[in-house]
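J.: Here's my sequence, what's the structure:
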Amino acid sequence: MYNNILVPVSFETGRDARQALEVADALRAENGAITVLHVLEHLPQYASDLLPEDHFETARKTVIEKLSPLVEGLSDASVVVMEGHSARTILDVSETQKNDCIVIASHRPGMQDLFLGSTAARVVRHAKCAVHVVR
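T.: Below is the predicted model of the structure:
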């Protein structure tokens, strides 16, 4: 059983956030905590210059509204939204929060993943804690 579980969530097709949360809830210790994390990717400077100054805060609030129903009914679960590179931010948050487990949903790998690598694959390779991949 794990005391501090991180569940990164993506809105991409083929990623099952509910199943990842069910797995996290089943793996956590009696008084364990779950953090649901969504990473907003950095926008190129030319794109962010065209958006209102508060575009990140607006996106953050929207993501929290979409993810909050996922954690309803789960004790000691919270939603965090950060900006950055997905894999690197997940790994950084995991180290900062001293997570002892990451539960991440993944799509079935395709040919493009052999060359580029998916976020889940990078997290599995570089995490300093246990990682459970849900497909």
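
J.: can you give me the strands for this protein?
T.: In the chain, the strands defined using DSSP state E lie at 2-8, 28-40, 77-83, 101-105, 130-134.

J.: if you compare the ones you listed, which one is most tucked away?
T.: Among the strands of the chain, strand 101-105 has the highest mean neighbour count (mean count of other Cβ atoms under 10 Å), at a mean of 25. Using the backbone N, CA and C atoms, a C-beta is placed for each residue, glycine as well.

J.: List the pairing partners of that strand within its sheet, with orientation.
T.: strand 2-8 (parallel), strand 130-134 (parallel) (DSSP bridges).

J.: List the neighbours of the shortest one that are in contact with it.
T.: When contacts are taken as Cβ atoms under 8 Å, 6 or more residues apart in numbering, the neighbours of strand 130-134 outside the stretch itself are 2, 16, 19-20, 23, 27, 100-106, 120, 123-124.

J.: Recalculate using a threshold of 6 Å.
T.: Contacting residues not belonging to strand 130-134 are listed as 19-20, 23, 101-106, 120, 123-124 [Cβ atoms under 6 Å, 6 or more residues apart in numbering].
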